[in-house]
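# next one to model:
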Amino acid sequence: MQSPARLFQQFRRLHSLRPTLRLLRKLHYTCPQWTTATTADSRTFCDQRLVNYLSNIEKQYHTILDQVNNQSVDTGHGGGEKLRKDLARLEPLVQLSQQQRELQQELMELTGMLDNDEMRQLAEQDIQLCKDQLATLQEEIRVAILPKDEADQHPAIIEIRAGAGGEEASLFASEILKLYTSFAEYKGWRFELLQRSYSDIGGLRNASASVHGSGVFGVLKYEAGVHRVQRIPTTESKGRIHTSTVTVATLPQPSEIEVHLPATDLIVETYRSGGAGGQHVNTTDSAVRITHIPTGIVVSVQEERSQIKNRQKGMQVLRAHLYEQKRLQAVKETSDLRKEQTGTGERSEKIRTYNYPQDRVTDHRAHMTLHGVTNFFQTGDMLNDIITQLRVQDEAIALTTLLQDGN
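I've put the predicted structure just below:
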């Protein structure tokens, strides 16, 4: 049996989900094919628009299949290869659509058996099984038709910078870094510090880290933006509440193959490290500054004692910046929808407030408030709840837009 404190915490978290449920209900009235994916019944989004969308996909598939079978395309100029790729892309969704149609037909036949007293009990059992299979299949369809961002599966570079608020902002930046260190551990990711620069009182002016794991960028991209803290600083003698900010940037981390960096495009400089580090600091030129000449991007790393390791980490960060520039340009050219999503460069927007006097964390995009600031920083489940809610909202909007444009 759970303790009263644990039950109360769960109640607070459920209470904070109400804004998302209101959003999804609103989306349901404008686009009934999307509802909250919390139960089998509520995942039903098979309305006429979705039927039309899947029907169009099947028509495209069979048209292309006929062209390939009849060899009506000049395969000598790459046309046949493109058609085969299109077939491979559409085939999984066509198969899911056909399976759904078969299950719906089976459900209709089973429902017709309810009038038979002898068959009613067996029919009811099979109807429930069929509904469960349909719900699972429709969730697979939802995942299959949602727009994919290849960068979501990449590792990520996370950059933290103290903003407004002076030394208090630098202290809060240190706590934000610890937050993501704990969250990486909660998710089973590998967290590697790349660079950090300290303030005069031991806070962080800025820091960057590399995070590796399954689907890291697809999660951490929701952390990009301005994080605001409201609390009484330890240096405040009159008990006044101060407001400070920290900026977080998240970048997908590409491989060396995805972003090639010719040596002629780089200026690599070495210098002596500064800050904490013991006797080694300021005795050797281990710190590295890399300038990318075509874009003017400058990356500095001094975390390691080895110049070679600092250079490797600097190249990681530089590749991430260049990849993100290229990715955002492609997004801008291909989809207006992605401009509305969080974590795609809109870093000047205030995304979350940590209010210590009221012991609350409010995410302004999700309209979600959780209580227990200390627990938020120490455990990963509360941050995971917020990110999950933001992903649900993004998927709802993306699916609505896709079906409206596709019909």
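# quick one, strands of this protein?
Per DSSP state E, the chain carries strands over the ranges 156-162, 190-198, 204-212, 225-231, 242-252, 266-271, 287-292, 297-301, 350-355, 360-363, 368-371.
# paired strands for the third one, with orientation please.
I take that to be strand 204-212. In the sheet, strand 204-212 lines up against strand 156-162 (antiparallel), strand 190-198 (antiparallel) (DSSP bridges).
# distance between the longest one and the chain's centre?
When C-alpha coordinates are averaged (C-alpha atoms, centre = their mean, to the nearest Å), strand 190-198 and its chain have centres 21 Å apart.
# buried stuff in that strand?
191, 194-198 (16 or more other C-beta atoms under 10 Å). Glycine gets a C-beta too; all of them are placed from N, C-alpha and C.
# wait, isn't residue 207 in contact with residue 198?
No: contact criterion C-beta atoms under 8 Å: residue 207 and residue 198 do not qualify, at 9.3 Å.
# quick one on the thing from earlier: quick one: which of the strands paired with strand 204-212 is nearest residue 297?
strand 156-162 (12.5 Å; C-beta to C-beta).
# the closest one: how far from the chain's middle?
Using C-alpha atoms, centre = their mean, the offset of strand 156-162 from its chain centre is 15 Å.
# stretch 163-179 now?
23 Å.
# just the buried positions in that stretch, please.
Buried, per 16+ other C-beta under 10 Å, within stretch 163-179: 163, 165-177, 179.
# can you pick out the most distant pair from the residues you listed?
166 and 179 (20.6 Å).
# what segments of the protein are helices?
Taking DSSP state H as the criterion, the chain contains helices spanning 4-16, 18-30, 48-70, 79-112, 120-145, 167-187, 216-220, 307-334, 373-378, 381-406.
# most tightly packed of those?
Of all these, helix 216-220 has the most neighbours on average by mean count of other C-beta atoms under 10 Å, namely a mean of 24.
# for it, packing partners?
Contact analysis of helix 216-220 by 3 or more C-beta pairs under 8 Å, 6 or more residues apart in numbering; DSSP states H and E lists strand 156-162, strand 242-252 as its packing neighbours.
# residue 328 and residue 403, how far apart?
25 Å (C-beta to C-beta, to the nearest Å).
# quick one: low-confidence parts of this structure?
For the chain, applying pLDDT under 70 flags the ranges 1-47, 71-79, 256-258, 274-284, 330-349, 405-407.
# list the contacts of the closest residue to residue 183 other than its chain neighbours.
Nearest non-adjacent residue to residue 183, counting by C-beta to C-beta, 6 or more residues apart in numbering: residue 380, 4.6 Å away. Residues near residue 380 by C-beta atoms under 8 Å, 6 or more residues apart in numbering: 182-183, 185-187.
# re the thing from before, ranking the strands of the chain by burial, who's on top?
strand 156-162 (a mean of 24).
# okay, the angle between that strand and helix 167-187?
Our comparison of strand 156-162 with helix 167-187, counting by axes from the mean of the first three to the mean of the last three C-alpha atoms, to 10 degrees, yields an angle of 160 degrees.
# what does the domain assignment say about this structure?
As given by automatic domain parsing, the domain ranges for the chain are 36-145, 263-331.
# okay if I get those as JSON lines plus distance to residue 225?
Putting the domains of the chain into JSON lines (distance: least, C-beta to C-beta, whole Å) gives the following:
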{"stretch": "domain 36-145", "distance to residue 225": "25"}
{"stretch": "domain 263-331", "distance to residue 225": "15"}
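# what's the closest of these to residue 362?
The nearest among these, by C-beta to C-beta, is domain 36-145 at 21.7 Å.
# looks like residue 192 contacts residue 212 (just checking).
Yes: using C-beta under 8 Å, residue 192 is in contact with residue 212, at 7.4 Å.
# sorry, back to before: of the buried residues of strand 190-198, which is the nearest to residue 148?
Nearest to residue 148 among the buried residues of strand 190-198, with distances taken as C-beta to C-beta, is residue 191, at 25.8 Å.
# now that closest one: how far from residue 180?
Taking C-beta to C-beta, one finds residue 191 at 7 Å from residue 180.
# repeat for residue 319
20 Å.
# do residue 238 as well
33 Å.
# try residue 135
Residue 135 is 35 Å from residue 180, where distance means C-beta to C-beta.
# residue 139 now?
30 Å.
# do residue 356 as well
19 Å.
# identify the bridge partners of residue 195.
Beta-bridge partners, per DSSP bridges, of residue 195: residue 208.
# can I assume it is in contact with residue 300?
Yes: with contact defined as C-beta under 8 Å, residue 195 counts as touching residue 300 (7.1 Å).
# in JSON lines, list the strands paired with strand 204-212 along with distance to residue 304.
Converted to JSON lines, the strands paired with strand 204-212 look like this (distance: least, C-beta to C-beta, whole Å):
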{"stretch": "strand 156-162", "distance to residue 304": "16"}
{"stretch": "strand 190-198", "distance to residue 304": "9"}
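# so which of those strands comes closest to residue 390?
strand 156-162 (15.8 Å).
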